[in-house]
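# Provided below for reference: sequence and predicted model.
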Amino acid sequence: MSHLEPDWTGWLQRWDDQQAGYLPDREEQFALMLEIVHRLVGEPKRFVDLACGPGSISTRTAQRFPATEIIGVDLDPFLLQIAQHAVSSDRVRFAEADLRAPGWDDVLGDEPVDAVCSATALHWLDPADLTTLAQTLATRLRPGGVFLNADTMRLGPTEVPRLDALAVALRDEIWASSHADGVEDWETWWKAAADEPAFADVLAAREERFKDRHRGRDITLTDTVEAFRKAGFTEVAVLGQVADKHLFTAIR
């Protein structure tokens, strides 16, 4: 049975709206992220949207930097399919890769990278995976290049238990407020996707791909700082924070 072509741009917008329920100042965070990139490296020649999902950062980067080559990398076949259809720029290409697998960075090609950005994705990694990722990025980013990640990073339940619990409570209140106001949540978005007949095959492939994946404890801010310092990044700092969401920045 044939299906109508999905509204790919609409699904990307719906994803952005859903994600904004978890980070209401998401657009401001993206704008700040790209402003930091510009101030540290100028207009990047090569930019990586890491764990790109359906292409939210790639879309905004293409608008901000009209001459930049952008590479979006993700493992999720469904989100990549949205990105490939919804992001309309001949300067953007998307590649499938597992950030936990050795050699995943072959998809980036041989030239050095000026900037790598990610948002609300790398918390799925284990701390050990993050350490390996930082080492890989250190070999890919040119000296002076920058890595930014806007994501949940626990303050540390064993390091600063009261502050960690407070940050989590503040985060949960933000989420509850957003969803009480009618913003679609993660589960509802994925249920809607599952109800779309045109997505049946790719969602089945997605389920097969992720069925045996697991992760250990949550990544903390300390894990992140230490991973990038040990990988040889010259400066690491948080340049924005809302509850336990941090805009982590590292200069190679």
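Everything's here; your move.

# can you tell me how far residue 135 is from residue 128?
11 Å (Cβ to Cβ, to the nearest Å). (Glycine included, C-beta is placed from N, CA and C.)

# for residue 83, same thing?
Residue 83 is 28 Å from residue 128, by Cβ to Cβ.

# which one's more surrounded, these two?
residue 83 (26 against 12; other Cβ atoms under 10 Å).

# I figured the more buried one hits residue 62, correct?
No - the pair formed by residue 83 and residue 62 falls short of the contact definition of Cβ atoms under 8 Å, at 11.7 Å.

# residue 238 falls within a strand, correct?
Yes - according to DSSP: H, G, I helix; E, B strand; the rest coil, residue 238 belongs to a strand.

# which residues touch the closest residue to it other than its chain neighbours?
In space, and not counting its chain neighbours, residue 238 is closest to residue 246: 4.8 Å by Cβ to Cβ, 6 or more residues apart in numbering. By Cβ atoms under 8 Å, 6 or more residues apart in numbering, the contact list for residue 246 reads 149-151, 153, 221, 224, 238, 240.

# what bridges to residue 246?
Counting by DSSP bridges, residue 246 is bridged to residue 151, residue 241.

# quick one: contacts of stretch 152-163?
120, 123, 164-165, 167-168, 171, 218-224, 244-246, 248.

# which of those fall in helices?
Applying DSSP state H to the contacts of stretch 152-163, the entries found in helices are 164-165, 167-168, 171, 221-224.

# determine which two of the residues you listed are furthest apart.
165 and 224 (19.3 Å; Cβ to Cβ).

# so between the two, which is more surrounded?
Per other Cβ under 10 Å, whichever of residue 165 and residue 224 has more neighbours is residue 224, with 23 against 13.

# the more buried one contacts residue 249, doesn't it?
No - the pair residue 224 / residue 249 is not scored as a contact, 10.6 Å apart, by Cβ under 8 Å.

# between these two, which contacts overlap?
In contact with both residue 224 and residue 249: residue 236, using Cβ under 8 Å, 6+ apart.

# tell me which stretches of the stretch 1-150 of the chain form helices.
Here the stretch 1-150 of the chain has its helices, by DSSP state H, counting those that start in this stretch, at 8-20, 26-41, 56-64, 77-86, 127-140.

# what's the closest of those helices to residue 95?
helix 77-86 (8.4 Å).

# which residues touch that closest one?
So helix 77-86 is contacted by 6, 8-9, 11-12, 15, 52-55, 58-59, 72, 74, 94, 96, 193, 199, 202-203, 205-206, 209 (Cβ under 8 Å, 6+ apart).

# now that helix: buried residues?
Across helix 77-86, burial judged by 16 or more other Cβ atoms under 10 Å covers 77-83, 85-86.

# chain center to it, what's the gap?
For helix 77-86, the separation from the chain centroid amounts to 14 Å (computed by Cα atoms, centre = their mean, to the nearest Å).

# from residue 93, how far out is residue 196?
25 Å.

# neighbour-wise, which of those two wins?
Remark: of residue 196 and residue 93, residue 93 carries more neighbours, 17 against 14, as counted by other Cβ under 10 Å.
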